[in-house]
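Undergrad: Output the structure for:
(one chain, ligands or ions: 1)
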Amino acid sequence: MAKTPASDPPARDKLPRHVAIIMDGNGRWAQARGLPRVKGHEEGARSVREITEECAALGIGRLTLFAFSSENWKRPKAEIDFLMKLLRRYMVNERPTILANNIRFTAIGRLEALGEAVLAELAKTKELSRRNTGTVLCLALNYGGRQEIVDAARRLAREAAAGTRAWDAVDEAALDAAMYDPEAPAPDLLIRTGGDHRISNFLLWHIAYAELWLPEIAWPDFKRAQLHEALRAFAARERRFGGL
Ligand code: FPP
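TA: As a prediction, this is how the structure comes out:
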């Protein structure tokens, strides 16, 4: 019999400050039900809503969701078009909920490639939520971890070439400050649904000491109770950051 997920979250002081999620398994979830893959993305968007609202209710500082990777452009055009339409629809439909829950919205990635229509909706949500003080919801879109490191290195290289940065002022702190969102704390907990045990180019720089949670279930089945289970597992971990 399947294990019943813990239904309660851990105590507030045991919660991660930043949760990052690789939302995998949408296609397989749909195929297992004899549905087209895009139905999995639709149900996945419902998980996005529930997990975001729950993180806001729990007071988790930041939630970063891998919504479209720089490698996802390799998918069939029809699926890419559907995902972009879903993203736009999500931005429009979820805006009132984002604002009502005091969520501040942001996005990371090489966003320019997303197209005017998506960019306009992202910008609107970002602007309207910019004074909110609750959970930061960050969507990683056209995002790649290696690309982020390259973009940061290029910024520093430009400064060095212009003579405004000494070569030995290129250190961890400088690279950290040159990342897409330098204010974001590193993720404490990285969740990947779908049963695969890999990072897939997500937040490579930032996850150096993240705790990993890799449930077998697909993203559309990851809802409030499954989040609580992950948070309880995180709360029980001992983090040593290389020390004893
Ligand atoms: C991975 O599942 C998921 C994606 C590539 C896209 C993530 C998108 C969503 C969760 C829905 C919409 C999101 C927002 C923010 C509205 P997969 O297709 O790789 O699944 P598979 O591994 O089973 O094929």
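Undergrad: check contacts around the residue sitting nearest the centre point of the chain.
TA: Nearest residue to the geometric centre of the chain (CA atoms, centre = their mean): residue 65, 1.9 Å. Counting by CB atoms under 8 Å, 6 or more residues apart in numbering, residue 65 touches 20-21, 23, 48, 137-140. (Each C-beta comes from the backbone N, C-alpha and C, glycine too.)
Undergrad: Strands - which of those land there?
TA: Among those, DSSP state E puts 20-21, 137-140 in strands.
Undergrad: got a winner among those residues for most neighbours?
TA: residue 21 (27 neighbours; other CB atoms under 10 Å).
Undergrad: what residues are up against that residue?
TA: Applying CB under 8 Å, 6+ apart to residue 21 gives the contacts 51, 63-66, 190-193.
Undergrad: what does residue 112 give?
TA: Counting by CB under 8 Å, 6+ apart, residue 112 makes contact with residue 119.
Undergrad: And the pLDDT at it?
TA: Per-residue confidence at residue 112 stands at 95 (pLDDT).
Undergrad: what does residue 138 give?
TA: 98.
Undergrad: Would you mind measuring from it to the ligand?
TA: When distance is defined by CB to the nearest ligand atom, to the nearest Å, residue 138 is 11 Å away from the ligand.
Undergrad: pretty sure that residue is touching residue 183, no?
TA: No. Residue 138 is not in contact with residue 183 according to CB atoms under 8 Å; the separation is 10.5 Å.
Undergrad: Residues contacting the helix of greatest length in the chain, please?
TA: Longest helix of the chain, by residue count under DSSP state H: helix 77-100. Outside helix 77-100, the residues within contact range by CB under 8 Å, 6+ apart are 37-38, 41-42, 45, 48-49, 52-53, 67-68, 72-73, 105, 114-115, 117-118, 121-122, 124-125, 128-129, 132, 137, 139, 141.
Undergrad: Can you list the residue ranges for helices in the protein?
TA: For the chain, the helices defined by DSSP H cover 26-31, 37-58, 77-100, 116-128, 145-161, 172-177, 224-235.
Undergrad: how about stretch 164-173: buried residues?
TA: Across stretch 164-173, burial judged by 16 or more other CB atoms under 10 Å covers 165, 170.
Undergrad: In the chain, where is pLDDT below threshold?
TA: 1-6 (pLDDT under 70).
Undergrad: Swap in 50 and give it another go.
TA: Counting by pLDDT under 50, the chain has low-confidence residues at 1-5.
Undergrad: Ramachandran angles for the residue in it sticking out farthest from the centre?
TA: Relative to the C-alpha centroid of the chain, counting by CA atoms, centre = their mean, residue 163 is the outermost residue, at 35.4 Å. Main-chain torsions, residue 163, degrees, to the nearest 10: phi 80, psi 10.
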